[in-house]
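Undergrad: Next one to model:
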Amino acid sequence: MTTKPYRILGIQQIAIGGPDKAALRKLWVDVLGLEVIGQFVSERENVDEDICAIGSGPHKVEVDLMQPLDPEKKPAVHTTPLNHVGLWVDDLAKAVEWMSANGVRFAPGGIRKGAAGYDICFIHPKSNDEFPIGGEGVLIELVQAPEDVVQALSR
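TA: Coordinates of the predicted model:
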């Protein structure tokens with residue numbers, strides 16, 4: 001592999017799915033004390049989620065509590081309790097280009113706006129013959145870090 005034209009800076013989020021996000025809120029918000037900082041609903045992504053946070057500023061980590069809009073449709077955000085992990089990246093476009101050229105398989109959808117408003121894309125949990133590197137069963141979200149996060153986490 002060649003020199004990478006990007007850096008993974010840190011954890012941006014973890015996403016936890018269940019059939020009913022009210023049960024997830026009881027633990028993560030009511031018991032553990034996370035703050036709900038937003039909501040996101042997308043028919044395309046089949047998700048109704050509460051965006052919660054731990055920490056603040058560039059060190060804030062999201063904990064997204066997700067339930068499906070339709071349990072019979074995909075993506076099935078509720079079938080894996082730890083749905084995915086999100087990683088801050090300093091240059092998403094360069095990362096996707098380099099990773100693709102080096103055999104990383106991405107999930108359909110390409111780079112797009114995510115629930116928190118940042119550009120995102122997903123590394124597929126499974127590899128295939130064309131792209132022999134996947135998440136080994138874990139869906140990984142790459143998230144374009146805003147400049148303040150890039151500065152804070154690049155030190």
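
Undergrad: any chance you could map the helices in the chain?
TA: In the chain, the helices defined using DSSP state H lie at 21-25, 92-101, 147-153.

Undergrad: Now tabulate these in JSON lines and tack on mean pLDDT.
TA: Below are these laid out as JSON lines (pLDDT from 0 to 100):
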{"stretch": "helix 21-25", "mean pLDDT": "91"}
{"stretch": "helix 92-101", "mean pLDDT": "95"}
{"stretch": "helix 147-153", "mean pLDDT": "93"}
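
Undergrad: of those, which approaches residue 71 most closely?
TA: Closest approach to residue 71 among the helices of the chain is made by helix 21-25 (12.5 Å; CB to CB). Where C-beta positions appear, they are placed from N, C-alpha and C, glycine not excepted.

Undergrad: Show me which residues of the closest one are buried.
TA: Across helix 21-25, burial judged by 16 or more other CB atoms under 10 Å covers 21, 24-25.

Undergrad: do stretch 87-103 as well
TA: Taking 16+ other CB under 10 Å as the neighbour-count basis, stretch 87-103 is seen to contain the buried residues 87-92, 95-96, 98-99.

Undergrad: Repeat that for stretch 36-51.
TA: Buried, per 16+ other CB under 10 Å, within stretch 36-51: 40, 45-51.

Undergrad: cool, and stretch 124-142?
TA: Going by neighbour count (16+ other CB under 10 Å), the buried part of stretch 124-142 is 124-125, 127, 131, 134-135, 139-142.

Undergrad: And it, how far out from the chain middle?
TA: Offset of stretch 124-142 from its chain centre (CA atoms, centre = their mean, to the nearest Å): 14 Å.

Undergrad: Any idea how far apart the tips of that stretch sit?
TA: One end of stretch 124-142 sits 11 Å from the other (CA to CA, to the nearest Å).

Undergrad: got the angle for the top strand by length along the chain vs helix 92-101?
TA: Longest strand in the chain, counting residues (DSSP state E): strand 8-17. Taking axes from the mean of the first three to the mean of the last three CA atoms, to 10 degrees, one finds strand 8-17 and helix 92-101 inclined to each other by 80 degrees.
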